[in-house]
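Chemist: Kindly generate the corresponding structure for this input.
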Amino acid sequence: MNWLDQAESMKEELSGGSDMQIRQNGKSGQTMVEYIIIVAIVAIAALAIFGVFSDTIREKLSGAVNSLGGDTSAASTATDTKSADFLKNLQKDGSSSGN
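Modeler: Residues are numbered from 1 along each chain as shown. Prediction:
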């Protein structure tokens, strides 16, 4: 065994594995980053969809509240206010300024 083979052997011992194992761990980290990017894109898309359809969702939910015998005045108040107007009047603590 020459000095080059000994150096390679010591390198493997110190690094805890061969170059193949190191490359495999790098790919594992790359895969995790790709999954995180996909989750972030899906979350942003979901927020955008909820923003676009928020008035429709609010109307559907108020119809469900009325059908279940809930507070009809709160449901009608919620449907009378558009999402953009509601967000303009939103306070820092999350309450509406009209309350």
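
Chemist: Now do the SS call for R58.
Modeler: Following DSSP: H, G, I helix; E, B strand; the rest coil, we place R58 in the helix state.

Chemist: from memory it sits against T79, does it?
Modeler: Yes - using C-beta atoms under 8 Å, R58 makes contact with T79 at a distance of 6.1 Å. The C-beta positions use only the backbone N, C-alpha and C, and glycine is treated the same way.

Chemist: ends of stretch 44-62, how far apart?
Modeler: 26 Å (C-alpha to C-alpha, to the nearest Å).

Chemist: buried sites along it?
Modeler: Using 16 or more other C-beta atoms under 10 Å as the test for burial, stretch 44-62 gives R58, S62.

Chemist: any idea of the mean pLDDT for it?
Modeler: In this model, stretch 44-62 has a mean pLDDT of 85.

Chemist: what separates the nearest residue to I57 once chain neighbours are set aside from T56, distance-wise?
Modeler: In space, and not counting its chain neighbours, I57 is closest to F50: 7.1 Å by C-beta to C-beta, 6 or more residues apart in numbering. Using C-beta to C-beta, to the nearest Å, F50 is found at 10 Å from T56.

Chemist: got it, and T81?
Modeler: Distance from T81 to T56, by C-beta to C-beta: 14 Å.

Chemist: One more: A48?
Modeler: 14 Å.

Chemist: about what we covered before: tell me which element the residue nearest to I57 falls in.
Modeler: Assigned by DSSP states H and E, F50 belongs to helix 19-52.

Chemist: Which other helices and strands does that helix contact?
Modeler: With contacts taken as 3 or more C-beta pairs under 8 Å, 6 or more residues apart in numbering; DSSP states H and E, helix 19-52 sits against no other helix or strand.

Chemist: And for E59, nearest residue in space, chain neighbours not counted?
Modeler: T79 (5.3 Å).

Chemist: For the one you found, give me its contacts.
Modeler: R58, E59, S62 (C-beta atoms under 8 Å, 6 or more residues apart in numbering).

Chemist: what's near enough to touch S76?
Modeler: S76 touches S62, counting by C-beta under 8 Å, 6+ apart.

Chemist: Quick check: phi and psi at L68.
Modeler: Main-chain torsions, L68, degrees, to the nearest 10: phi -90, psi 0.
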